[in-house]
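Undergrad: One predicted model, sequence on top.
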Amino acid sequence: MSEDIDYGRLMHQAMRGLIKTVLTDVAERGLPGAHHFFITFDTLHPDVQIAEWLSERYPGEMTVVMQHWFDNLDVGDDGFSITLNFGDQPEPIYIPYDAIKTFVDPSVEFGLRFEAAEDDEDEIEPEDLLEPGDIEVEDDGEHKGDVVSLDSFRK
């Protein structure tokens, strides 16, 4: 038995549980009000299921938007499946919770960011935590250290 409490793993588990709860509610009742989600995930995760052309177009990371049109949202214990529209082409996809990198609902300035597995070993300092509504900007896998408020993207 380890002498340390793995807070990073426990926090990620709780955050993924929150995503599951939110998606379960949306599957049962639909998206309320102006809520919508930007979900960025690792397309190379072994359990991700996406069309080959999407995998080729997004060879590592992809962001999907759940807003105006989606169908067949099925929420499971390990992930969710959904049909989304890509250029008037409906495509079913499956995203395991472990593959999710960010989950953002800009309508209420809420966002979650998951560290990569190799980063989980690092201790998280309070100043490293994002404020609700902020997302951390990364470019080509390099941390830029910039935090951008979602308000700057609103029309």
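TA: Sure, I can see it.
Undergrad: helix/strand/coil for the closest residue to residue 19 other than its chain neighbours?
TA: Excluding the flanking residues, the one nearest residue 19 by Cβ to Cβ, 6 or more residues apart in numbering is residue 103, at 5.3 Å. The way it works is simple: take the backbone N, C-alpha and C, and place the C-beta from them, glycine included. Assigned with DSSP: H, G, I helix; E, B strand; the rest coil, residue 103 falls in the strand class.
Undergrad: quick one: low-confidence parts of the protein?
TA: By pLDDT under 70, the weakly predicted segments of the chain are 1-2, 116-155.
Undergrad: Give me the distance from the lengthiest helix in it to the chain's centre.
TA: Determined from DSSP state H, the single longest helix within the chain is helix 7-29. With Cα atoms, centre = their mean, to the nearest Å as the basis, helix 7-29 stands 10 Å off its chain's centre.
Undergrad: how deep is the residue nearest to residue 19 tucked in, by neighbour count?
TA: By other Cβ atoms under 10 Å, 22 other residues sit near residue 103.
Undergrad: same question, residue 87
TA: A count of nearby residues for residue 87, using other Cβ under 10 Å, gives 5.
Undergrad: Residue 10 now?
TA: Residues within reach of residue 10, counting by other Cβ under 10 Å, total 10.
Undergrad: For it, give its distance to residue 3.
TA: Residue 10 sits 15 Å away from residue 3, going by Cβ to Cβ, to the nearest Å.
Undergrad: that older thread, roughly how far does the residue nearest to residue 19 sit from residue 97?
TA: 9 Å.
Undergrad: Contact partners for residue 85?
TA: Shown in contact with residue 85 (Cβ atoms under 8 Å, 6 or more residues apart in numbering): 69, 70, 91.
Undergrad: what does residue 79 give?
TA: Applying Cβ under 8 Å, 6+ apart, the residues near residue 79 are 47, 94, 95, 96, 97, 98, 99.
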